[in-house]
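Colleague: turn this into a structure:
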Amino acid sequence: MIPAALWIALIQDRQVPRELARRVVTAHDWASRIGREMGDSIWPGYRPDTIPVLYLLRGHGTLLLGWRGALPPGFTPDSAAGGAGWQAAVDQAAANTAAELLGRGAAQVVVDTQSIASLVGLTAHEAFHVFERASRTEGRRFGRGENSFLVTSYPVFDPQNEAGMALEGRILAAAERASTKIEKRMLAREFLAVRESRQRALGAELAEFEQLAELNEGLAEYALVRAVQLATRLPDFPDRAGAEHLQSGKLVGLHQLTADVTLSIRLRYYATGPALGALLDALEGPAWKSRLVHQNLTVQDALADASGYRATELALRRQAETRFVMASLRRGADSGVAGLRALRRKQVDSILAAPGVLLAVTIEGRSLGLCGFDPQNLLQVEPGVLLHTRWVVACAGDAFQATFNTPVVQDRTAQTVRAVVGADSTVKVTVNGADVRVESPLVSLRASRGEVSRDGRVLTVKIKP
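Modeller: Purely as a prediction, here's the structure:
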């Protein structure tokens with residue numbers, strides 16, 4: 001499987017430890033083989049053989065495998081294996097993650113003493129994160145990731161929440177051991193009842209954190225488990241003992257979901273994610289994966305559908321939709337929303353076309369925030385674009401603050417605000433180096449790192465980092 005010439009290049013010329021390099025190259029070959037021979041058996045569209053991997057060998061260097069084309073600067077090419085490269089340097093603080101190399105997504109795996117099966121799984125996990133990033137679509141949960149900062153406020157000292165989480169782990173472990181589909185479906189419904197009750201008490205923000213963590217790390221860990229399972233289906237897989245140890249460890253992890261208080265609570269979803277994925281595989285087969293992405297579901301939403309947990313709710317909703325002619329209501333809503341979009345755009349165009357100086361503020365290197373606004377006079381124009389109809393205070397730390405007593409259009413995506421701030425004769429601009437001031441009866445602007453330009457009636461103030 002591994003060309004002898006590769007060992008000569010990697011071990012003799014580059015002084016990579018023989019056994020360590022053997023495990024790495026073997027594991028990478030198996031992860032790639034699953035993609036080549038089994039297509040999207042792990043996840044629709046996910047091909048680990050197409051994603052390069054940086055293997056960080058602690059104390060030795062970085063081995064790059066699966067790279068296509070000219071190697072990145074700093075890597076020495078190896079003619080014995082297409083895409084292989086070696087760099088003597090290694091970042092000792094680096095972790096397993098999705099990285100970027102010359103603008104391409106690459107998995108990064110830290111290598112210590114892992115078995116071949118474990119390295120196959122880690123490769124699949126981190127490569128899945130690369131796939132998730134590339135699949136990210138505005139408005140969809142898949143690939144978005146969770147707000148990890150919420151681990152700082154998660155209620156780890158709440159015994160009711162901890163007991164509920166422990167119960168979820170026990171139910172998922174039982175579902176994994178269950179031998180019939182009927183039993184698995186019953187346990188899935190029990191899990192969802194416990195999960196939804198606990199998350200109602202937890203609150204919407206932290207419930208979303210859990211659900212997105214399961215989508216992010218949980219599904220990547222599902223890819224890890226799935227890749228190792230697929231590898232063991234092939235008769236020549238060399239590390240069946242390692243695969244069995246990994247699988248039994250996952251089952252133990254569900255039983256002890258809340259037991260190890262030395263670990264971050266975020267690691268719990270590394271256990272629940274693959275267990276939920278396996279349960280969905282058993283109840284629905286692979287169809288749940290495409291459904292999850294296209295219908296913008298969480299993993300627990302997908303399980304609720306697959307297990308029939310919300311069957312009564314669905315039946316009642318369909319009954320109501322039929323009785324009150326939902327199709328007609330939807331047509332009316334479509335027409336109403338289209339009209340609303342046109343009306344708001346026309347409103348913005350009219351405001352910005354009013355006579356006078358059009359002040360445009362842009363900001364670089366930071367977010368343009370609001371230090372004050374009137375919610376009674378705030379309208380959405382389109383996603384990311386707001387119309388403040390009478391008053392707003394825009395700000396960016398100590399670099400910028402502006403109080404507007406006139407309608408303002410705020411584009412949160414472009415990080416800009418625009419407003420007509422009065423006739424030329426009423427607008428005073430003062431520039432002292434990078435210190436910029438704009439004053440009129442309708443605006444009072446201060447910028448400590450500003451740059452001013454004028455083009456016709458448009459006065460632009462650019463806030464520098």
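Colleague: hey, which helix is longest across the chain?
Modeller: helix 326-352 (DSSP state H).
Colleague: what packs against that helix?
Modeller: strand 378-382, strand 385-388, strand 408-411, strand 416-420 (3 or more Cβ pairs under 8 Å, 6 or more residues apart in numbering; DSSP states H and E). For glycine as for every other residue, the C-beta is placed from the backbone atoms N, C-alpha and C.
Colleague: swap in 10 Å and give it another go.
Modeller: Applying 3 or more Cβ pairs under 10 Å, 6 or more residues apart in numbering; DSSP states H and E, we find helix 326-352 packed against helix 311-323, strand 378-382, strand 385-388, strand 408-411, strand 416-420.
Colleague: how about residue 425, what does it touch?
Modeller: By Cβ atoms under 10 Å, 6 or more residues apart in numbering, the contact list for residue 425 reads 356-357, 440.
Colleague: as CSV, those residues with pLDDT would be great.
Modeller: Listed next are these as CSV, based on pLDDT from 0 to 100:
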residue, pLDDT
356, 96
357, 97
440, 96
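Colleague: quick check: of those residues, which lies closest to residue 109?
Modeller: For the contacts of residue 425, the minimum distance to residue 109 (Cβ to Cβ) is 56.5 Å, reached by residue 357.
Colleague: from the contacts of residue 425, which is closest to residue 91?
Modeller: residue 357 (51.3 Å).
Colleague: okay, now residue 452: neighbour count?
Modeller: 15 (other Cβ atoms under 10 Å).
Colleague: surely it forms part of a strand?
Modeller: Yes. Membership of residue 452 in a strand is supported by DSSP: H, G, I helix; E, B strand; the rest coil.
Colleague: where does pLDDT dip in the stretch 251-400 of the chain?
Modeller: Along the stretch 251-400 of the chain, segments meeting pLDDT under 70 are nowhere present.
Colleague: can you tell which of the helices and strands packed on helix 326-352 is closest to residue 265?
Modeller: Comparison of those against residue 265 by Cβ to Cβ identifies helix 311-323 as nearest, at 30.1 Å.
Colleague: turn the helices and strands packed on helix 326-352 into TSV, including mean neighbour count and distance to residue 36.
Modeller: Shown next, in TSV, are the helices and strands packed on helix 326-352 (neighbours: other Cβ atoms under 10 Å; distance: least, Cβ to Cβ, whole Å):
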stretch	mean neighbour count	distance to residue 36
helix 311-323	11	40
strand 378-382	15	44
strand 385-388	19	46
strand 408-411	22	45
strand 416-420	22	47
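Colleague: TSV for those, including distance to residue 168?
Modeller: Output for the helices and strands packed on helix 326-352, formatted as TSV (distance: least, Cβ to Cβ, whole Å):
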stretch	distance to residue 168
helix 311-323	21
strand 378-382	37
strand 385-388	40
strand 408-411	42
strand 416-420	45
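Colleague: of the ones you listed, which is nearest residue 372?
Modeller: Closest approach to residue 372 among those (Cβ to Cβ): strand 385-388, 10.1 Å.
Colleague: thank you, goodbye.
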